[in-house]
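Student: Please find the sequence and the predicted model below.
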Amino acid sequence: MNKIIRIMLVFVPLAFVAEFALHNPILIFATSAIALVPLAGLLGEATEELAIHTGPRIGGLLNATLGNAAELIITIVALQHGKYELIKASLTGSIIGNLLLILGFSLLLGGLRHGVQRFDPKLTGMSASMMFLAVIGLMIPTLFELVKEAGTGRVQPMHTEVFDKQLIIISLGVAGVLILMYVLSLVYQFRTPGATLGSHTGFEEAEEIMTHKASWSIKTSVAVLAVSTLAIVFMSEFLVGVVEPVAQSLGIRELFLGVILIPIVGNVAEHLVGVQAAMKNQMELSLNISLGSSMQIALFVAPLLVFLSLFIGPAATGAGFFGRPQLTLFFSLFEVITLGLSVIIAAFISLDGESNWLEGAMLLAVYIIAALGFFYL
């Protein structure tokens, strides 16, 4: 891990000081957000070290389950606080951040250094198809609820915290299908030599890792994994607890913080690896990281949170699963459209098996435009 990122671990104790001694929401938010960056990096590094010890197949499965562990922990903490709109914003931000911001920087910097870069178009073709599937899975519950609201004359496209038993059932069904497809993608790669769908859902990255020697023992890797996970839980608790007062004091919506800031701090260490791979002309590895992370968020993390909301959260003490509000796949129309357009432009740019710096600039331009929309929405 980069030395600068390791130095940032000093913000972990600073976050505890801000939380328990200073009681300043902005300081708590800033220190815990910065502390999440190195902690997420340590979590990823421990996973890679375990992958070296376990072999490429099991290592691939580790990446498939722990690839976005930091993001999952943050959203579970938000789930406990009932921050459903913040969770949806964070999921949206993670997907478009990987498809537009990180892939854009990778193509831009890689293209400026190496000119036209080439990679296997089959990789992006399958990943694009899986991402379109995920967007459809998010769009159906959203369109269902909006059409239903239109029938009653009370359409609220930005208010997604509604209690609708039919919507809950649809969301659970769609979530089950998406997780099933995620598992089937793992089975496909496990049984098909050379098949890749992205770093967190494939085994190619683990085979890449296997070419290096382990720096940590298994005990050390497990210990780092456990300690970093526990620290991320605390930092996430601090962060989520002050999101509302910070948003009010800065004059911005929680939606913007969820879409832009939270996904970045949870994945920045991994993002740096993707950009560095592109600058080393390892475009397939770079694409694996960007596309694979997006796929895992859309096909695994988001559906898993829907099921976890049956048992976790302030509403979990209510009567019955369908007698109280819970997390659904009803996203705002703006979020769904932005996700769809992001998948489309990322697919168009990458399907030809070649990339250049101008295409990277295009992706970054779309990300900036979307960020402006979320800021003023």
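Tutor: Perfect, I can see it now.
Student: ok, now which ones touch the residue nearest to V17 when sequence neighbours are not counted?
Tutor: Sequence neighbours aside, T31 is the residue nearest to V17 in space, at 7.9 Å (criterion: Cβ to Cβ, 6 or more residues apart in numbering). All C-beta spots, glycine's among them, are computed from the backbone N, C-alpha and C. Counting by Cβ atoms under 8 Å, 6 or more residues apart in numbering, T31 touches F11, L14, A15, V17, A18, F238.
Student: ok, now how distant is the nearest residue to L255 once chain neighbours are set aside from L14?
Tutor: Spatial nearest neighbour of L255, excluding adjacent residues (Cβ to Cβ, 6+ apart): A89 at 4.9 Å. Going from A89 to L14 by Cβ to Cβ, to the nearest Å gives 26 Å.
Student: ok so, going back, in which helix or strand would I find the residue nearest to V17?
Tutor: helix 25-54 (DSSP states H and E).
Student: Then L327?
Tutor: With DSSP H and E as criterion, L327 is part of no helix or strand.
Student: model confidence over stretch 120-137, on average?
Tutor: For stretch 120-137, mean pLDDT rounds to 81.
Student: now do stretch 149-158
Tutor: On average, stretch 149-158 scores 66.
Student: cool, and stretch 92-103?
Tutor: 88.
Student: Name the residues of that stretch that come out as buried.
Tutor: Within stretch 92-103, the residues that qualify as buried by neighbour count (16 or more other Cβ atoms under 10 Å) are T92, G93, S94, I95, I96, G97, N98, L99, L100, L101, I102, L103.
Student: what distance separates that stretch from the middle of the whole chain?
Tutor: In terms of Cα atoms, centre = their mean, to the nearest Å, the gap separating the centre of stretch 92-103 from the centre of its chain is 8 Å.
Student: Check the separation of the first and last residues in that stretch.
Tutor: Chord length of stretch 92-103, first to last residue, is 16 Å (Cα to Cα, to the nearest Å).
Student: any residues touching that stretch, and which ones?
Tutor: By Cβ under 8 Å, 6+ apart, the surrounding residues in contact with stretch 92-103 are 68, 71, 131, 258-260, 262-264, 266-267, 271, 274-275, 286-287, 289-291, 293-294, 297-298, 301, 331, 335, 338-339, 342-343, 345-346, 350, 360, 363-364, 366-367, 370.
Student: neighbours around F375, how many?
Tutor: Counted with other Cβ atoms under 10 Å, the neighbours of F375 add up to 13.
Student: on contacts alone, who are the packing partners of the host helix or strand of it?
Tutor: Here F375, judged by DSSP H and E, is contained in helix 357-376. If you count contacts as 3 or more Cβ pairs under 8 Å, 6 or more residues apart in numbering; DSSP states H and E, helix 357-376 packs onto helix 84-96, helix 103-114, helix 254-256, helix 333-350.
Student: That one versus helix 84-96: what angle between them?
Tutor: 170 degrees (axes from the mean of the first three to the mean of the last three Cα atoms, to 10 degrees).
Student: relative to helix 333-350, how tilted is helix 357-376?
Tutor: Using the same axes, to 10 degrees: helix 357-376 against helix 333-350 is 180 degrees.
Student: Could I get the buried residue list for helix 357-376?
Tutor: Buried residues in helix 357-376, counted by 16+ other Cβ under 10 Å: W357, E359, G360, A361, M362, L363, L364, V366, Y367, A370, A371, F374.
Student: In contact with the nearest residue to the second one once chain neighbours are set aside, which residues?
Tutor: Of all residues not flanking E359 in the chain, I349 sits nearest, at 4.6 Å (Cβ to Cβ, 6+ apart). When the contact criterion is Cβ under 8 Å, 6+ apart, the partners of I349 are L107, S355, E359, M362, L363.
Student: for the residues you listed, which one is nearest F234?
Tutor: L363 (34.3 Å; Cβ to Cβ).
Student: hmm, which helix or strand of this protein has the shakiest average pLDDT?
Tutor: helix 204-210 (a mean of 45; mean pLDDT, DSSP states H and E).
Student: Let me know the average pLDDT across the following helix or strand past that helix.
Tutor: Sequence-wise, the next helix or strand downstream of helix 204-210 (DSSP H and E) is helix 218-241. Averaging pLDDT along helix 218-241 gives 83.
Student: Grab the CA positions of helix 218-241 and hand them over as CSV.
Tutor: The C-alpha trace of helix 218-241 is given here as CSV (Å, rounded to 0.1, in the frame of the first residue of the first chain):
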residue,chain,number,x,y,z
ILE,A,218,-2.1,-16.3,7.3
LYS,A,219,-2.5,-15.3,11.0
THR,A,220,-1.3,-11.8,10.3
SER,A,221,-3.6,-11.5,7.3
VAL,A,222,-6.6,-12.7,9.4
ALA,A,223,-5.7,-10.4,12.3
VAL,A,224,-5.3,-7.3,10.0
LEU,A,225,-8.6,-8.3,8.3
ALA,A,226,-10.4,-8.5,11.7
VAL,A,227,-8.9,-5.3,13.2
SER,A,228,-9.5,-3.2,10.0
THR,A,229,-13.1,-4.5,9.8
LEU,A,230,-13.7,-3.5,13.4
ALA,A,231,-12.1,-0.1,12.9
ILE,A,232,-14.2,0.5,9.8
VAL,A,233,-17.4,-0.3,11.8
PHE,A,234,-16.4,2.4,14.3
MET,A,235,-15.5,5.0,11.6
SER,A,236,-18.7,4.2,9.7
GLU,A,237,-20.8,4.7,12.9
PHE,A,238,-19.1,8.1,13.5
LEU,A,239,-19.6,9.1,9.9
VAL,A,240,-23.2,8.1,9.5
GLY,A,241,-24.1,9.6,12.8
